[in-house]
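**Q** quick one, structure for this:
(one chain, ligands or ions: 2)
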Amino acid sequence: MAQRMPVSDSGNKKPSRVRVAVRLRPYMTQQDDKDEGSCVRGLDSQNLEIVNWRNATESVKYHFDVFHGEQTTQQEVFRSSVKPILPHILNGQNASVFAYGPTGAGKTHTMLGSPEQPGVIPRAVREVFNLVKAKEEDEGWDYSIGMSYLEIYNEKVLDLLSPGSQDLPIREDKDKNILIPGLTHTTISSFSDFDKHFIPASLNRTTASTKLNQRSSRSHAILLIKVVRTQRALTQRQQTGKLYLVDLAGSEDNRRTGNQGIRLKESGAINLSLFTLSKVVDSLNSGTAIRIPYRDSKLTRLLQDSLGGSAHSVMITNIAPEYKYYFDTFSALNFAAKSKLIVNKPFTRETVAVPVPPVKRAREDREARGSGTE
Ligand code: ADP
Ligand code: MG
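**A** Ligands and ions are numbered 1, 2, ... in the order given. The predicted structure is shown next:
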């Protein structure tokens, strides 16, 4: 019967929402010269509160699809926010996972992690291989997994698997699939095969970034995992599912634009793709926009077939608890949450107790006893 099935039959369905999770990283003493403690605190698995700088007798409460507190492990973040969407890419559907937030708040930790604490990327790739393996045994489809890895920097699309490549164009085919002609796409046969290509490419990016004036905080690193399945029957039906895993540029640039309807001035200083992504997510989630402005930036254009529509998307907004991040945190939260509640109650300090280092505690004890050394 049918040869090439459309990727989904949801042509006239409402575009799907982007699920929003917030992850608070642990408090770090070295990020807090003034020793002020945390200005933000989790309340439960969906709510958090932050000090209201305008009025110290109030705190501001936010509600999200998921709130991951500072104790949340890499595995829990993966299990609750990412794992559930992965089966869809084996059925020819698209998905995207973003890490959003100011530089220093934990985006790279969340997406990439470290060898001891692997993040979303290695866990998702492993899981895709596991899912394919489980499926291959009992169904009449052959699966092939491939990867591309690219960066959007200054509205240029650069191939990270082919260093030194030029800005690449983004195109749309007649079925409305987005593609980048010329982008390296490598078939991978196992997780270690993935690592072999991915690790040198991410190292390249990190070294380049320290030389190029914090490039990594201004560029979007985008990993694409593509699963193509072909039916063994005579019809050879084929379906392609794409998963985008994105470590976004630091959202601190956003703050300079304000957040409501302020025009893009100083275009050099503002990250157009990040700014447009926030408008796209906003349009998708408010459900009122007639036109979703995908075409206004490279990032959103590239993700057009994998963000909203019939795709499954999750945004993990990373925030830091120290006061020096306060305004960046506030703007990241305001972008992520469309509603907030001002609570008429001061942000109580004592419950954010951070373990006091032994040396300091000893000094404080001495002071309390009035037996200072002077
Ligand atoms: P970003 O990519 O947003 O600039 P990073 O991921 O580099 O931020 O995080 C900044 C620092 O905080 C790094 O040293 C990182 O290891 C640490 N960090 C971030 N999130 C966590 C976390 N959840 N648990 C422990 N350390 C974290
Ligand atoms: Mg980073």
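
**Q** can you list the residues of the stretch 1-150 of the chain near ligand 2?
**A** Within the stretch 1-150 of the chain, the positions adjacent to ligand 2 are 107, 108 by C-beta under 5 Å from the ion. The way it works is simple: take the backbone N, C-alpha and C, and place the C-beta from them, glycine included.

**Q** which residues of the stretch 1-150 of the chain score low on pLDDT?
**A** Scanning the stretch 1-150 of the chain for pLDDT under 70 picks out 1-13, 138.

**Q** what about the residue of it found nearest ligand 2, neighbour count?
**A** Closest contact between the stretch 1-150 of the chain and ligand 2, by C-beta to the ion, is at residue 108 (3.2 Å). Residue 108 has 21 neighbours, counted by other C-beta atoms under 10 Å.

**Q** give me the contact list for stretch 55-72.
**A** Applying C-beta atoms under 8 Å, 6 or more residues apart in numbering, the contact partners of stretch 55-72 are 19-27, 42-52, 76-77, 80-81, 316-317, 321, 333, 336-337, 339-347.

**Q** residues touching the residue nearest the centre of the chain, list them.
**A** Nearest to the mean C-alpha position of the chain, counting by C-alpha atoms, centre = their mean, stands residue 99 at 1.6 Å. Counting by C-beta under 8 Å, 6+ apart, residue 99 touches 106, 107, 108, 110, 111, 120, 246, 247, 248, 316, 318.

**Q** just residue 162 next, same as before
**A** residue 184 are the contacts of residue 162 under C-beta under 8 Å, 6+ apart.

**Q** doesn't it lie inside a strand?
**A** No. Counting by DSSP: H, G, I helix; E, B strand; the rest coil, residue 162 falls outside a strand, being coil.

**Q** quick revisit: how far out from the middle of the chain is the helix or strand hosting the residue of the stretch 1-150 of the chain closest to ligand 2?
**A** Using DSSP states H and E, residue 108 sits in helix 107-111. Mean-position distance between helix 107-111 and its chain equals 8 Å (C-alpha atoms, centre = their mean, to the nearest Å).

**Q** is ligand 1 within reach of that helix?
**A** Yes. Using C-beta under 6 Å from any ligand atom, helix 107-111 reaches ligand 1 at 107, 108, 109.

**Q** I'd guessed the second one sits against residue 246; true?
**A** It stands for residue 108. No. Here residue 108 lies out of contact with residue 246, judged by C-beta atoms under 8 Å, at a distance of 11.5 Å.

**Q** give me the beta-bridge partners of the spatially closest residue to residue 31 that is not a sequence neighbour?
**A** Distances taken as C-beta to C-beta, 6 or more residues apart in numbering place residue 322 nearest to residue 31, at 4.6 Å, with adjacent residues excluded. Beta-bridge pairing of residue 322 under DSSP bridges involves residue 38.

**Q** next one: residue 171
**A** Going by DSSP bridges, residue 171 forms beta bridges with residue 179.

**Q** the closest residue to ligand 2 within the stretch 251-374 of the chain - how many residues pack around it?
**A** Residue nearest to ligand 2 within the stretch 251-374 of the chain: residue 318 (9.2 Å; C-beta to the ion). Counted with other C-beta under 10 Å, the neighbours of residue 318 add up to 27.

**Q** and it, which helix or strand is it part of?
**A** strand 312-319.

**Q** what's that strand packed up against?
**A** Strand 312-319 is packed against strand 18-24, strand 95-100, helix 107-111, helix 326-336, with contacts defined by 3 or more C-beta pairs under 8 Å, 6 or more residues apart in numbering; DSSP states H and E.

**Q** switch to 10 Å and redo it
**A** Contact here means 3 or more C-beta pairs under 10 Å, 6 or more residues apart in numbering; DSSP states H and E; on that basis strand 312-319 packs against strand 18-24, strand 66-68, helix 86-89, strand 95-100, helix 107-111, strand 238-247, helix 272-286, helix 326-336.

**Q** partners of that strand, with directions?
**A** strand 18-24 (parallel), strand 95-100 (parallel).

**Q** up against ligand 1, what does the stretch 101-250 of the chain have?
**A** 101, 103, 104, 105, 106, 107, 108, 109.

**Q** distance to residue 85 added to the residues you listed, as CSV?
**A** As requested, these are exported to CSV (distance: C-beta to C-beta, whole Å):
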residue, distance to residue 85
101, 20
103, 26
104, 27
105, 23
106, 21
107, 19
108, 21
109, 20
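
**Q** secondary structure element for residue 62?
**A** strand 59-63.

**Q** still on that earlier bit, of the strands paired with strand 312-319, flag the one that's most buried.
**A** Most buried of the strands paired with strand 312-319, by mean neighbour count (mean count of other C-beta atoms under 10 Å): strand 95-100, with a mean of 26.

**Q** just give the nearest non-adjacent residue to the residue of the stretch 201-350 of the chain found nearest ligand 1, would you?
**A** Going by C-beta to the nearest ligand atom, ligand 1 is nearest to residue 318 of the stretch 201-350 of the chain, at 5.5 Å. Distance criterion C-beta to C-beta, 6+ apart; nearest residue to residue 318, sequence neighbours excluded, is residue 101 at 3.6 Å.
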